[in-house]
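Novice: Provided below are the primary sequence and the corresponding predicted coordinates.
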Amino acid sequence: MKWFPSFGFQRRKRELQEEIDAHLQMAIADRVARGETAETARQAAMREFGNIPLVQDVTRDTWGQAWLEQLGRDVRYALRQLRKSPGFTITATAMLAVAICANSTVFSWIDGTMLRPIPGARDTGDLVSLQRGERTFSPTPPFSYLDYRDLREQNHSFAGILAYHNDWTSLTGGAQPKPVYVANVSANYFDVLGIKPLLGRFFLPEEEARAIPNVVLSYSLWKTRYGKDPAIVGKSIEVARHPLTVIGVAPEGFVGAAPGLRDDLWITLNPLGTDVWRMTHRDSDWLIVIGRLRPGVSRGEAAQDLNILMHHIVAAYPDQHLGDNRITLDPMWRSPFGVNGYMAATLPILLAFAGVVLLLTSANVATLTLVRFVSRRRELAIRQSLGATRIQLVRQMMLEGALLSIVAGAVALLLTSWTSKTFAWFFPTNSIPLILNGSMDLKVVIGIAVFSMLAAMLCGALPAWRSSQAPAAEVLKAESASISGGSHNRKLLSGLVVAQIALSLPLLICSGLFLRTLRNLATANPGFEQDHILTASVGLNIAGYSNDEAQLIRHKILDRVSALPGVKVATLTDWIPMTLIQKRSDAYPEGYVPHPHESLLVEDAEVGPRYFESLHIPILEGREFTLNDDEKAPRVIIVNQTAARRYWPGQDPLGKRLRVSGSLFTVVGVARNSTQTFVNESPEPMVYLSIFQDPGNETIVQVKTDGNPVDLAPAVEHAIHEIDPRLPVFDVRSMRESTQMASSFAVIQSTLAGMFALIGLVLAVTGIYGVVAYRTQLRTHEIGIRMALGASRVDVLRLVLLQGVWLTGIGMALGLAFALGLTRLIARQLYGISAHDPVTMVSVIALLGAMSLLACYFPAHRAMRRNPLTAIREL
Amino acid sequence: MNERDQYKNRIELLQGTLDMLILQTLQWGPQHGYGIVQALRLRSGDVLQVETGSLYPALHRLERQSWVKSEWKQSEAKQRARYYRITAKGKKQLASDLGRWERIVEAIGSVMYVKPEECE
């Protein structure tokens, strides 16, 4: 027991030995004194004493520490057994490691995104995200400043409610303006989140709504742009050409309140005094709101509290609150603001898949273990007749499974520390400041331990219990050839094979559906041109120009870029479709009476002349914008088909009027519906405004080219810099590249599901191969006799194949039933294919059937080719 | 049933009774395992043969419960042996064991020696 020396166990064992020796010596001495010879006395004393090791063993049991010694002994024994069959050990460990890693990887992604929605914040479980009106996947900011303040000050359910608004701006003052992502925040923002400043201070309550040009830097910006200047607090930096005073630096790791997005700077709601309108109007919804629940208050109670307040607000200001005003609360892990909404729809499904892979692997390892144990029956029987109890044998065998799983868990831990970081690969570079990745923390380590334990239980306990039930005497008596595993073990083996097939079939079907969804998404027509389009963001709004200057520059950009060789059409927009960015406004069509709770939100984009021409979006009625649709001209608007049908059913939409953000617009055109965010969305009402009448927050130059759009990128950038060299130009990329963002979740799903299904297929096929091969080997003798008695080779082939086909058939029938349930879960993630798509089902069944048949054919072929004579002799 | 189980069953049967016998033996003075076996055999007129497989676990268990204490001493025959000595706690246990034993004997006795007329 060198492993546990400190327990004095060795000493006690020695003493017991000595005590027994003394007993024997005294017994011998007595007998010799009575006249027996030394030799007969010794023999008699020994006989009288009984089984010495057993007495020692039973006595040691009373010490209480016995389990420790037994554990050590069992561990050493298990290690010896595993060393004896390195093939099994390595295969089983590798399979388990891969399966555990699959689970822990997905879990680390969930952990890094959904479970850590706001890194650095305190008790994120108490935080809830507020949504107003219709619940959507990616809503626009739901609250105006005044409504937010009323809710914040009058509620009884929250320890604090914060508000923020994200936007792009630029750091000027350097040679090149640097685009940065900024958040306008309420003064209690850091306080509610529980963040303490690394340097300086955060905002004070009295600064919230006043024009005080203060700024808080993020740690990464402080580090990269200002070289960790310890004296940064109090210094002035230039943001969009306005001087702001640095008052503090946020601690490392904190990146803002929007899950998955990275803020660079924080400023108050109106630091320059330029945003008076949105500070004073209740119909200007621009704030995203997060509350921290008071201890003991449930989400439902808080929602009720807020809805009563909101009801009063709506009653007091009905005109500013048309449409649906119900407030709903979401925990941060599925908050619709930021990226967690998408994560919550994708990752749990993948974790379920990974769980199936783990079950499958455990069944496979259990099969291997059982086969090994059956062939170790003699050893087990001998141990049993030497005094081992069934419990001891089971413990012994479970320990072997546990050791495998522990090693596999350790390997998985190493693998996961790398795979957890691969999550970011799935997201194309994009104009969204995404910071998404898995994290490898204590929770993941605990997760791996749990997965390993699960695997150990599954693949150790069952076969162990089964094979220890064989009566020792019979096993010892029996000839090895006649014990073809016993009918119990045969049933269990068959059951395990059936389980593996039944588990792998749904994995294959789901991955087939995902792969076809991906193909459908890629080939789907989004309703606009994706090839030969280049887009480039120009930091007009963030560079600090006045409105008039900016409009002049926009005109110049159009002129210059249009004149470039290779450019067919140049236009402007403030939005690129299918990038997960959605812009929405409330639209009030004149004379339209909304249904109760109907949302009046429409998607909107501010676009330039020839926008529709450049994207090949047909104008079904009316016209598209021209250069003449500027500030002097009457306000005009183009609507999509959905908007036209909803607001003016059966009427001519041209000439109808619509109020958007306070101004009245006249419809001059109807554009065909085109994809807004996802190919599989149901189209929402959308309006297009003229960028020269209503400049948006972004200015994106959109160019239709003759050849490869990326080739034109330098020329476009050059042309813009000719107008003003200080204009920031960024996010220059082809439309194809931008729109990939919309399918990134489909890519994640199909990649992982495909990998998991492949693992499942390999496991199921090797599982059935292993069992059929093993059973055929046990029947060698029988097959020899059959052939000697006249069975043909085809008969033998059929005999062996049939048992495999039989197992496969049952497995597939069960798997199909399982799959029909599982595919319903993923139905929402599919596009252009039904969850019960017969083609996918049939091809997957054919694939799995063919592979299983092949797996059975090899052992069958081998059995068929045996010489009957040698087969009979082989016992 | 294997040998180990036989020991276990016998221990269960004798549990309490064996403990009581050992403690009683030690009442007469410290004794080693072999001495206890011999003493019990002598006193019972060769009827009680305590198995070593029951004796040593029982001794070690009694020591764990602090009813006995052990020390290594030389026997009269110059044999180094482990001597067990009853503790104050052990004496109390013995008294309670004895009380229970007497009640059981009495109870069994009253069942076994029922007078025939009482059965009618």
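Specialist: Sure, I can see it.
Novice: Near residue 108, how many other residues are there?
Specialist: I went with chain A, as the question did not name one. 29 (other CB atoms under 10 Å in any protein chain shown). Where C-beta positions appear, they are placed from N, C-alpha and C, glycine not excepted.
Novice: think we crossed wires, I meant chain B
Specialist: Counted with other CB under 10 Å, the burial measure for residue B:108 works out to 10 neighbours.
Novice: Name all residues that make contact with residue A:367.
Specialist: For residue A:367, the residues meeting the contact criterion (CB atoms under 8 Å, 6 or more residues apart in numbering or on different chains) are A:493, A:496, A:497, A:500, A:767, A:770, A:771.
Novice: same question, residue A:635
Specialist: Contacts for residue A:635 (CB under 8 Å, 6+ apart) come out as A:663, A:664, A:665, A:666, A:693, A:694.
Novice: For the residue lying closest to the last one once chain neighbours are set aside, give me the pLDDT.
Specialist: Taking CB to CB, 6 or more residues apart in numbering or on different chains, and ignoring the residues beside it in sequence, residue A:694 has residue A:606 as its nearest neighbour in space, at 5.6 Å. pLDDT, the model's per-residue confidence, is 92 for residue A:606.
Novice: ok so, going back, among the contacts of residue A:367, give me the pair with the biggest separation.
Specialist: Farthest apart among the contacts of residue A:367 by CB to CB are A:493 and A:500. That separation is 11.0 Å.
Novice: These two: which has the busier surroundings?
Specialist: A count of neighbours by other CB under 10 Å puts residue A:500 above the other of residue A:493 and residue A:500, at 29 against 25.
Novice: residues contacting the more buried one?
Specialist: By CB under 8 Å, 6+ apart, residue A:500 lies in contact with A:360, A:363, A:364, A:367, A:763, A:764, A:767, A:768, A:811.
Novice: Distance of it relative to residue A:355?
Specialist: Taking CB to CB, to the nearest Å as the measure, residue A:500 and residue A:355 are separated by 15 Å.
Novice: for the longest helix along chain B, the distance to its chain's centre please.
Specialist: If each helix of chain B is counted by residues according to DSSP state H, the longest one is helix B:88-112. Taking the mean C-alpha point of helix B:88-112 and that of its whole chain, the gap between them comes to 13 Å (CA atoms, centre = their mean, to the nearest Å).
Novice: re the thing from before, adding secondary structure, write the contacts of residue A:500 out as CSV.
Specialist: Converted to CSV, the contacts of residue A:500 look like this (DSSP: H, G, I helix; E, B strand; the rest coil):
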residue, secondary structure
A:360, helix
A:363, helix
A:364, helix
A:367, helix
A:763, helix
A:764, helix
A:767, helix
A:768, helix
A:811, helix
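Novice: residues near residue A:628, how many?
Specialist: When neighbours are counted by other CB under 10 Å, residue A:628 registers 11.
Novice: in a helix, that's where it is, yeah?
Specialist: No. Judged by three-state DSSP, residue A:628 forms no part of a helix; its state is coil.
Novice: got the buried residues for the helix or strand where residue A:165 lies?
Specialist: Take DSSP states H and E as the rule and residue A:165 turns out to sit in strand A:158-172. Using 16 or more other CB atoms under 10 Å in any protein chain shown as the test for burial, strand A:158-172 gives A:158, A:160-166, A:168-172.
Novice: Quick check: residue A:152 touching residue A:146?
Specialist: No. The criterion here is CB atoms under 8 Å, and residue A:152 misses it with residue A:146 at 10.6 Å.
Novice: Report pLDDT for residue A:176.
Specialist: Note for residue A:176: predicted pLDDT of 69.
Novice: Endpoint to endpoint, stretch A:294-302 covers what distance?
Specialist: Across stretch A:294-302, the straight-line distance between its terminal residues is 9 Å, by CA to CA, to the nearest Å.
Novice: Please apply the same query to stretch A:561-581.
Specialist: From its first residue to its last, stretch A:561-581 covers 25 Å (CA to CA).
Novice: Residue A:655 falls within a helix, correct?
Specialist: No. Going by three-state DSSP, the assignment for residue A:655 is coil, not a helix.
Novice: can you tell me which residues contact it?
Specialist: Under the criterion of CB under 8 Å, 6+ apart, the contact list for residue A:655 reads A:666, A:667.
Novice: any idea how far chain B is from it?
Specialist: 99 Å (CB to the nearest CB, to the nearest Å).
Novice: which residues in chain B form helices?
Specialist: So, for chain B - with DSSP H - the helices run B:3-14, B:17-27, B:33-43, B:52-64, B:88-112, B:116-119.
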